[in-house]
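# Sequence plus the predicted model coming up.
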Amino acid sequence: MSVTVMAMFELSASGTSLLNLTGRSRRLDDLTLQAVLAWLEFRRQRWPNTANPHLIINQQTAMDTTPVNFIWLSQTLRGQTATLGRLRVDRQLEEALFHGPDPLHLAEVFGFDEKTAIRYAAAARQLLEADFESTPACDPPATPNPS
C-alpha cells in the first residue's frame with residue numbers, strides 16, 4: 001500500500017504507534033511517530049472539517065475523500081534532501097541492519113524479488129562487517145607545529 005492511499009484508521013488508535021501497511025502492523029520509530037503526530041496536528045488545524053480519511057491530504061483532496069496522487073507527492077518533495085526513493089531505501093536498509101542481513105526476511109517484509117532481497121542483504125552485511133574502529137570517517141585533525 002502506498003503512503004498516498006493510507007487511511008488514518010490504519011494508524012493504531014491505541015497509542016501503541018503501530019502502522020498497518022499491506023496487512024502487517026509495523027512499529028513506528030520515535031522520529032517517525034513525532035513526524036506523523038505533527039502532521040496530524042497540522043492537518044487538523046488546516047482542514048478541521050475534512051471527511052477525507054487518508055493520512056496525507058492537500059488543499060484539493062481535503063474537499064473530498066480521494067487520496068493525493070503520487071505525482072503531487074513527488075512534486076511536493078522534489079528538491080528536498082529526503083525524496084520518496086531515498087526514504088524508501090533508507091527504511092529498507094534500516095530493516096536489514098536491525099534484523100540482520102536475511103534476504104528471506106527482506107523479501108517477506110517488502111515484497112522484494114529474490115535478487116533485490118539478496119542485494120539489500122549483501123549491502124547490510126558489508127556495513128555490519130565493516131571495521132569502523134580502524135577506518136576514520138574523516139582525516140584526523142592536524143596537530144599544531146610546536147615551533
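Looks like it arrived, so ask away. The shown structure was predicted, so the numbers you read here are calculated from the model rather than taken from an experiment.
# Where do the strands of the protein begin and end?
18-21, 24-27 (DSSP state E).
# Tell me which strands the last one pairs with, and in which orientation.
The reference is to strand 24-27. Looking at strand 24-27 with DSSP bridges, its partner strands are strand 18-21 (antiparallel).
# domains of this protein?
The chain breaks down by automatic domain parsing into domains covering 1-70, 77-130.
# can you tell me which of those the model trusts least?
Comparing mean pLDDT across the domains of the chain, the weakest is domain 1-70, with a mean of 79.
# can I get the domains of the chain in a markdown table with mean neighbour count?
(Each C-beta comes from the backbone N, C-alpha and C, glycine too.) Shown next, in a markdown table, are the domains of the chain (neighbours: other C-beta atoms under 10 Å):
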| stretch | mean neighbour count |
| --- | --- |
| domain 1-70 | 14 |
| domain 77-130 | 14 |
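# Am I right that Arg125 is in contact with Leu97?
No. Here Arg125 lies out of contact with Leu97, judged by C-beta atoms under 8 Å, at a distance of 9.6 Å.
# now Thr50, nearest residue through space, not along the chain?
Ala62 (4.4 Å; C-beta to C-beta, 6 or more residues apart in numbering).
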